[in-house]
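1. What follows is a predicted structure for the sequence shown.
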Amino acid sequence: MSGLVTALALTALQAGTSPAGPDSVELHRAMIAAQRRFEFARRRLLPISTAGTGRCDERVGRFCYWYDPEEPPPPEEPMSIREERERFLSRLADAAEQLPGDEWILAQRVRYLVEHGANDSAATIARGCDTWWCEALEGFALHVKGDVAGSEQSFTAMLSQMPSEERCRWNDLELVLEPDDREPYQRLDCGQRDSANAVLFWRATPLFARGGNDTRTEWYARQVLVRALDRAITHHGMRLGGDLREILIRYGWATAYGRRPNPYGGFEEVDVVGHEPKPAYPFLGFDSRGRWPPEPDRPRARFAPVFASLIAPLDDVQLARFRRDDSVIVVAGFRAGRDTLFRAPQLEITLAFSAGPDVPVRVRRQRIADREGGLMVAGSSLTGSVSLELADSVHRSWAVHRVHYLEAPEGMSDLLLTRTRDELPGSLSEAAEAAWPGSRLEQGSTVGLYWESYGHAAGDSLLQVGLTVEPVRPGFLGRVGQSLGLRRRVPPLRLAWSQRQEGTTAVTGHAVEVDLSRLAPGSYLLLVEMGGDRRAGRSIEIVRASRVVSREPAGAERR
């Protein structure tokens, strides 16, 4: 009898009519069976894929995961699969009219519409009800669309409404944490994890320039998909198990599929291959040295941002900090590669200061025609994260340099390298306009230095100023060899002068020009000392002219 009712329900749905007084349980079961048949048909229609044959970077239960950014693009989805999905979506829509409160049917409509590329329709359907699960599905659709602000709003509403036990499970990031973070995280309770998660998502934000946090919305989108797959058949022809759940949480969902060729012919077994979008970066990546994306070996989890076809480190950057009462001003000078990373005629550069996960980001944006320049931004506190982000919006390429937990200096600012002009800069704003693009200097250069000193005592006095330019051997072995006398030590360049300080001055600016034309290519440290208790250093690299303009951010991957 059960099978007969199921068949009648399906017949009515296929005809676009509603059976008289449908039994909700039987209709629900009918749609579960229809979803199983759709996935069965899809697997038989998938194109052949040989990607990753024989590779297994990591085994998770029944699955092998590998990451190869050099793989050819995945096969295109056949039109026959789109047609099958359209028919199934039509059946889901009919069933939703008869069972408007069925969460499982709603979830399948949203996720298959998103898979179909109809993100707006998926969000509209989810917006038609007011439960926490509806907010979750809307956030999922908006995230895939790339509307990070809208997605964050939906997920925030979701968290405020969902049961506490469910929220606790969804906010457990242990699966995606690197080993250094996992052990202390395990000791936190649910409430403490909320605070820790805010910091972890904040420091892993791919771009401050976009606003919102794609990493946070990606995390909740993965949780939504895992819940939506409950009682459903996956692309692999099986129900969701602990192994596939872990794959989805750690690496996200595939956006294209293929099947392995069957050497025996027939349709008995279909081995499905999922293709995640590339390039994919460390999910909760963090590098205090300023490299973005960070480069752990085989990261615990990955994330391919929807908005970018490429994110690469922006290496040739100088950042200088200048104290202002209870905040800091940051000046950046940068130079990007001129090869293939940025091809648009005009780029946008953003210097962003973020004091924390719940504090509005301060940004300064500028359109530039050249691949080099400088920017200044006023921070909102004495400490925070600074991110310099260069965008080619036409080709969706980004280069990023980031420093976390930057602090305002005490008695003396950082040294800011400046271009040489007819007159030395008389203020910080003038120095920022003349900021040297990066920290690499062409051999034979003369460069300016600008810095500030703070809190001088009252009365006329002479300040003793010393400048040292000392070569630095790169790498650990080079430094050890130099200290032991195994390598020839080049004598440092030293300059000293006196400068009169009149009256009490909270902030005093200083500017000089330094002739570095006789320095050979290599790494050097510029050190300025004032009165013996104030000092600031700046690392520079002297390079041949051809290397200044031709470098492209390292580690670039394009998809």
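-> It's in. Residues are numbered from 1 along each chain as shown.

2. Which strands and helices lie in contact with the helix or strand Glu183 falls within?
-> In the assignment (DSSP states H and E), Glu183 maps to helix 179-186. For helix 179-186, the elements it packs on are helix 190-203, judged by 3 or more CB pairs under 8 Å, 6 or more residues apart in numbering; DSSP states H and E. For every residue, glycine as well, the C-beta is placed using N, CA and C.

3. pLDDT averaged over the helix holding Glu183 - what is it?
-> Taken as a whole, helix 179-186 has a mean pLDDT of 88.

4. Give me the distance from it to the chain's centre.
-> Relative to its chain's centre, helix 179-186 lies at 21 Å (CA atoms, centre = their mean, to the nearest Å).

5. quick one: contacts of that helix?
-> With contacts defined as CB atoms under 8 Å, 6 or more residues apart in numbering, helix 179-186 is touched by Leu173, Glu174, Leu177, Arg193, Ala196, Leu200, Leu284, Arg300.

6. Show the contacting residues for Ser387.
-> Counted by CB under 8 Å, 6+ apart, Ser387 has contacts Leu207, Phe208, Ala209, Trp292, Thr350, Leu351, Ala352, Ser354, Val400, His401, Arg402, Val403.

7. quick one: low-confidence ranges for this structure?
-> Where the chain drops to pLDDT under 70, the residues are 1-22, 263-269, 337-341, 457-461, 474-491, 501-505, 546-559.

8. biggest helix in it, by residue count?
-> Ranked by residue count, the top helix of the chain under DSSP state H comes out as helix 24-45.

9. helix or strand right after that one?
-> Past helix 24-45, the next helix or strand by DSSP H and E is strand 58-60.

10. Touching that next one from outside, list them.
-> Applying CB under 8 Å, 6+ apart, the set of residues contacting strand 58-60 is Cys64, Tyr65, Trp66, Asp243, Glu246, Ile247, Arg250, Arg298.

11. which residues does the most centrally placed residue in the chain contact?
-> With distances taken as CA atoms, centre = their mean, Pro206 lies nearest the centre of the chain, 2.1 Å away. If you count contacts by CB under 8 Å, 6+ apart, Pro206 has them with Asp214, Thr215, Tyr281, Pro293, Phe303, Pro305, Ala308, Ile311, Val400.

12. now these as CSV including secondary structure and distance to Arg59?
-> Listed next are the contacts of Pro206 as CSV, based on DSSP: H, G, I helix; E, B strand; the rest coil; distance: CB to CB, whole Å:
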residue, secondary structure, distance to Arg59
Asp214, helix, 29
Thr215, helix, 26
Tyr281, strand, 22
Pro293, coil, 25
Phe303, strand, 21
Pro305, coil, 27
Ala308, coil, 30
Ile311, strand, 28
Val400, strand, 32
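
13. picking up where we left off before, I'd guess the residue nearest to the centre of the chain is in a helix, am I close?
-> No - assigned with DSSP: H, G, I helix; E, B strand; the rest coil, Pro206 falls outside any helix and is coil.

14. roughly how far apart are it and Pro294?
-> 11 Å (CB to CB, to the nearest Å).

15. ok, Glu86 - how many residues close by?
-> Other residues lying near Glu86 total 11 when counted by other CB atoms under 10 Å.

16. same for whatever helix or strand it lives in, what does it pack against?
-> Using DSSP H and E, Glu86 falls within helix 79-98. With contacts taken as 3+ CB pairs under 8 Å, 6+ apart, helix 79-98 sits against helix 2-14, helix 24-45, helix 103-115.

17. Just put these in JSON lines and tack on mean neighbour count and distance to Arg85.
-> Putting the helices and strands packed on helix 79-98 into JSON lines (neighbours: other CB atoms under 10 Å; distance: least, CB to CB, whole Å) gives the following:
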{"stretch": "helix 2-14", "mean neighbour count": "15", "distance to Arg85": "15"}
{"stretch": "helix 24-45", "mean neighbour count": "17", "distance to Arg85": "7"}
{"stretch": "helix 103-115", "mean neighbour count": "22", "distance to Arg85": "6"}
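
18. thinking again about what came up before, from the contacts of helix 179-186, which is closest to Gln499?
-> Nearest to Gln499, judged by CB to CB, of the contacts of helix 179-186 is Leu200 at 46.3 Å.

19. how about the closest one, what does it touch?
-> Contacts of Leu200 (CB under 8 Å, 6+ apart): Leu173, Leu177, Asp181, Leu284.

20. now do Ala122
-> Here Ala122 is in contact with Arg109, Val110, Arg111, Leu113, Val114, Leu137, Phe140, Ala141 (CB under 8 Å, 6+ apart).

21. for it, helix, strand, or coil?
-> helix.

22. how close does it sit to Lys145?
-> Where Lys145 is concerned, Ala122 sits at a distance of 9 Å (CB to CB).

23. before we move on, what about Arg182?
-> 32 Å.

24. Of those two, which one has the most company?
-> Taking neighbours as other CB under 10 Å, Arg182 and Lys145 compare with Lys145 leading, 17 against 14.

25. Now for the closest residue to the more buried one other than its chain neighbours: which residues touch it?
-> In space, and not counting its chain neighbours, Lys145 is closest to Asn119: 3.9 Å by CB to CB, 6 or more residues apart in numbering. Going by CB under 8 Å, 6+ apart, Asn119 touches Leu113, Ala141, Leu142, Val144, Lys145.

26. how near is Asn119 to His395?
-> 22 Å.

27. do the same with Ser439
-> Distance from Ser439 to His395, by CB to CB: 26 Å.

28. quick one, which of these two is more surrounded?
-> Per other CB under 10 Å, whichever of Ser439 and His395 has more neighbours is Ser439, with 19 against 16.

29. Tell me which residues touch the more buried one, please.
-> Asp316, Val317, Gln318, Gly333, Leu417, Arg538, Ser539, Ile540, Glu541.

30. And the strands in the stretch 351-500 of the chain, which stretches?
-> 362-368, 372-378, 383-392, 397-407, 416-418, 440-442, 446-454, 461-472, 493-501 (DSSP state E, counting those that start in this stretch).

31. any idea how far Glu115 is from Thr255?
-> From Glu115 to Thr255 the distance is 8 Å (CB to CB).

32. no no, Arg323
-> Look at Arg323 and Thr255: by CB to CB, they are 47 Å apart.

33. same check, this time on Leu142
-> Distance from Leu142 to Thr255, by CB to CB: 17 Å.

34. With Asp414 instead?
-> Asp414 is 44 Å from Thr255, by CB to CB.

35. Which of the two has more residues huddled nearby?
-> Using other CB under 10 Å, the more surrounded residue of Asp414 and Thr255 is Asp414, with 19 against 14.

36. Secondary structure class of the residue lying closest to that one once chain neighbours are set aside, three-state.
-> Leaving out its chain neighbours, the residue that sits closest to Asp414 by CB to CB, 6+ apart is Ala320, at 4.0 Å. Assigned with three-state DSSP, Ala320 falls in the strand class.

37. Isn't Ala320 up against Val330?
-> Yes - checked against CB atoms under 8 Å, the pair Ala320 and Val330 is within contact range at 7.2 Å.

38. Could you pull up the residues touching the spatially closest residue to Glu39 that is not a sequence neighbour?
-> Leaving out its chain neighbours, the residue that sits closest to Glu39 by CB to CB, 6+ apart is Ile233, at 4.5 Å. By CB under 8 Å, 6+ apart, the contact list for Ile233 reads Gln35, Arg36, Glu39, Phe40, Arg239.
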